[in-house]
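>>> Got a sequence here, can you model it:
(2 chains)
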Amino acid sequence: MEKIKDFKLHIIAFVLVVISEFIGLRSFQVGPGTALLLPMLYALIIGMFLGPKFLKIVNEEEMSLASTYIGITVLMLTAKMGFNIGPNIEVIASSGLPLVLQELGNFGTIFFALPVAVLLGLDREAIGATFSIAREGSLAIIGDVYGLDTPEGQGVMGVYICGTLFGAIYFGLMAGFLPSILPLHPYALAMACGTGSASMMSASSGALAATFPAMETEIIAFAAASNLLTSATGLYASLFVGLPMTNKLYEIVKGRKAKKAEEAA
Amino acid sequence: MELAKQVRILLISSVITLIGNWIFTYRAGNPVNPLQAVLGVLILLGVVVIGLTLKNLVPVKLPAIAYISLTGIILSLPWTPGSAFFLEHTSKVQFLALCTPILAYAGISIGKDIGSFAKLGPKIIVIALLVFTGTFVGSAVIAEVLLRATGVI
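Numbering: from 1, shown residues only, chains lettered A, B, ... in the order given. Sure thing, here's the model as predicted:
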């Protein structure tokens, strides 16, 4: 019985992949930048409508089986990421201090987003949602450490889905808009474009380059190098620093919230 | 889950990836058919199996992804014997083509959590925007400080 369900799921995934790849990459203009729609986005959206609430093609049991497959298939992607890093090791090693250390900016977001998440009433979902920028590597980390079926898994899936749905558009808008309100150098902003997501990076660096056309080459180079570094170091940084730090901060914030509630009562 | 079952699922998803990769590369104007990419997929699969096995063998408690990623890096370093061979084949499997099947399973599974997602919905969007903004601004500020300190700008 399990084998049949299994088979049906893979067939559905196969059909989704074929449809999505045939639709292919699409790009459109958002403000000064270009937003890119990727086949994976279509697969996600069509897949969401197959459940009992909509098209009734899959049932509850098959849906939970599918969630265990995410954690396994994402391992292939992790292997592929490794193969992208090896050949570039010398570029990465010689990238200079600013490029390497700006990665730490990713941790800033924990202090900023985690307390808000707890205030909004999230429990351990907050950890998955805020420990990183929630791209594929983050799914792999949470899937491996907690499982994607847990509260932490729901948190990371939530932000991952938001990122897939409108991350590129939002990054494009942000990169086009921020230079006008923050006194930051275009090179610094270019480095910030490298988030480890190809679609977010191309949308934001494209918008930035359109804002500073004279520095286009440098902007694209810094963004691409930073993106490469993030995909190289980001996995380890999130796993060994980001996630433990988020856990600690969660305990502190949660403790404080409980205390406040007690005082109020 | 035992290794044999994981490998079975990986083999099936590899077939899906090969077809997806074919269509993806065809659309990009440089078609790579499943026969040309099958070795690349098998190398990736092998790396995953090595990573999962190392996780069970090595007494240091590290998640499987750390071993998998590290194995991939080591096999593709310029001074690793045979790295050109590994890279030639794995480069035929597009990163984006590997993402699509994962997101297909993700899409299917989301329906299950639709209740909790609806509850999380507006909140998770606010948090996602905070995470994106925080990462972007945080990285830009640190880069600005260091670029100034090192005299680049």
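>>> so where is chain B shaky, pLDDT-wise?
Scanning chain B for pLDDT under 70 picks out the ranges B:111-119.
>>> Using the record's domain definitions, break it down for me.
For chain B, automatic domain parsing gives the domain ranges B:3-116, B:121-153.
>>> Including mean neighbour count, could these go into TSV?
(Glycine included, C-beta is placed from N, CA and C.) Listed next are the domains of chain B as TSV, based on neighbours: other Cβ atoms under 10 Å in any protein chain shown:
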stretch	mean neighbour count
domain B:3-116	19
domain B:121-153	20
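>>> Contact partners for the closest residue to chain B within the stretch 51-200 of chain A?
Closest residue of the stretch 51-200 of chain A to chain B, Cβ to the nearest Cβ: A:G82 (1.9 Å). By Cβ atoms under 8 Å, 6 or more residues apart in numbering or on different chains, A:G82 lies in contact with B:47, B:68-73, B:75-76.
>>> let's see it at 6 Å
The contact partners of A:G82, by Cβ atoms under 6 Å, 6 or more residues apart in numbering or on different chains, come to B:69, B:72-73.
>>> still on that earlier bit, among the domains of chain B, which is nearest chain A?
domain B:3-116 (1.9 Å).
>>> just the helices in chain B please.
With helices called from DSSP state H, chain B shows them at B:3-27, B:34-57, B:64-76, B:83-90, B:95-110, B:114-149.
>>> May I see those organised as TSV, with distance to chain A added?
Shown next, in TSV, are the helices of chain B (distance: least, Cβ to the nearest Cβ, whole Å):
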stretch	distance to chain A
helix B:3-27	4
helix B:34-57	4
helix B:64-76	2
helix B:83-90	5
helix B:95-110	2
helix B:114-149	3
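>>> As CSV, the ones you listed with distance to A:Q154 would be great.
As requested, the helices of chain B are exported to CSV (distance: least, Cβ to Cβ, whole Å):
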stretch, distance to A:Q154
helix B:3-27, 22
helix B:34-57, 24
helix B:64-76, 19
helix B:83-90, 32
helix B:95-110, 10
helix B:114-149, 6
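>>> can you tell me which residues contact B:I110?
If you count contacts by Cβ under 6 Å, 6+ apart, then B:I110 has A:M48 around it.
>>> what do you get for A:G137?
So A:G137 contacts A:L235 (Cβ under 6 Å, 6+ apart).
>>> mind checking how far it is from A:A190?
Distance, A:G137 to A:A190, by Cβ to Cβ, to the nearest Å: 22 Å.
>>> Please apply the same query to A:E136.
23 Å.
>>> ok, now B:E2?
46 Å.
>>> just A:I4 next, same as before
51 Å.
>>> and if you look at A:M174?
Counting by Cβ to Cβ, the gap from A:M174 to A:A190 is 13 Å.
>>> can you check A:Q29 too?
20 Å.
>>> who's more crowded, the two?
A:A190 (28 against 11; other Cβ atoms under 10 Å in any protein chain shown).
>>> Let me know how buried A:E262 is, in neighbour terms.
Neighbour tally, A:E262, other Cβ under 10 Å: 8.
>>> ok, which stretches of the stretch 1-150 of chain A are strands?
Using DSSP state E, counting those that start in this stretch, the strands of the stretch 1-150 of chain A run over residues A:26-30, A:33-37.
>>> Show me what the first one is packed against.
In this case it means strand A:26-30. strand A:33-37 (3 or more Cβ pairs under 6 Å, 6 or more residues apart in numbering or on different chains; DSSP states H and E).
>>> quick one: the helices in chain A?
Ranges of helices in chain A, per DSSP H, are A:2-23, A:39-48, A:60-85, A:89-93, A:97-101, A:105-119, A:125-130, A:136-145, A:151-162, A:168-177, A:186-192, A:198-211, A:216-237, A:243-264.
>>> Indicate whether the fifth one makes contact with chain B.
Yep, that's helix A:97-101 we're talking about. Yes - under the criterion of Cβ under 6 Å from any Cβ of the partner chain, chain B is reached by helix A:97-101 at A:97-98, A:101.
>>> Emit the ChimeraX select command for whichever of these are buried.
To isolate the buried ones among the residues of helix A:97-101 next to chain B in ChimeraX, judged by 16 or more other Cβ atoms under 10 Å in any protein chain shown, type:
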select /A:98
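>>> on that earlier part again, for the domains of chain B, give me JSON lines that also has distance to A:S197.
Listed next are those as JSON lines, based on distance: least, Cβ to Cβ, whole Å:
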{"stretch": "domain B:3-116", "distance to A:S197": "10"}
{"stretch": "domain B:121-153", "distance to A:S197": "10"}
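>>> Between those domains, which one is closest to A:L249.
domain B:121-153 (13.3 Å; Cβ to Cβ).
>>> any idea how far chain B is from A:I220?
15 Å (Cβ to the nearest Cβ, to the nearest Å).
>>> okay, that residue: pLDDT?
Looking at A:I220, its pLDDT is 80.
>>> Relative to A:S202, how far out is it?
Using Cβ to Cβ, which is the criterion applied here, A:I220 is 9 Å from A:S202.
>>> Compare the two (neighbour count), which wins?
It is A:S202, of A:I220 and A:S202, that has more neighbours when counted by other Cβ under 10 Å, with 23 against 18.
>>> Give me the pLDDT for the more buried one.
Value listed for A:S202 in the pLDDT field: 74.
>>> before we move on, back to that, for the residues of helix A:97-101 next to chain B, which one is nearest A:I181?
Nearest member of the residues of helix A:97-101 next to chain B to A:I181, counting by Cβ to Cβ, is A:P98, at 22.1 Å.
>>> List the residues that contact the residue nearest to the closest one when sequence neighbours are not counted.
Setting aside the residues directly before and after it, A:P98 is nearest to B:L146 in space (Cβ to Cβ, 6 or more residues apart in numbering or on different chains), at 3.7 Å. B:L146 is in contact with A:97-98, A:101, counting by Cβ under 6 Å, 6+ apart.
>>> And for B:E144?
A:184-185, A:188.
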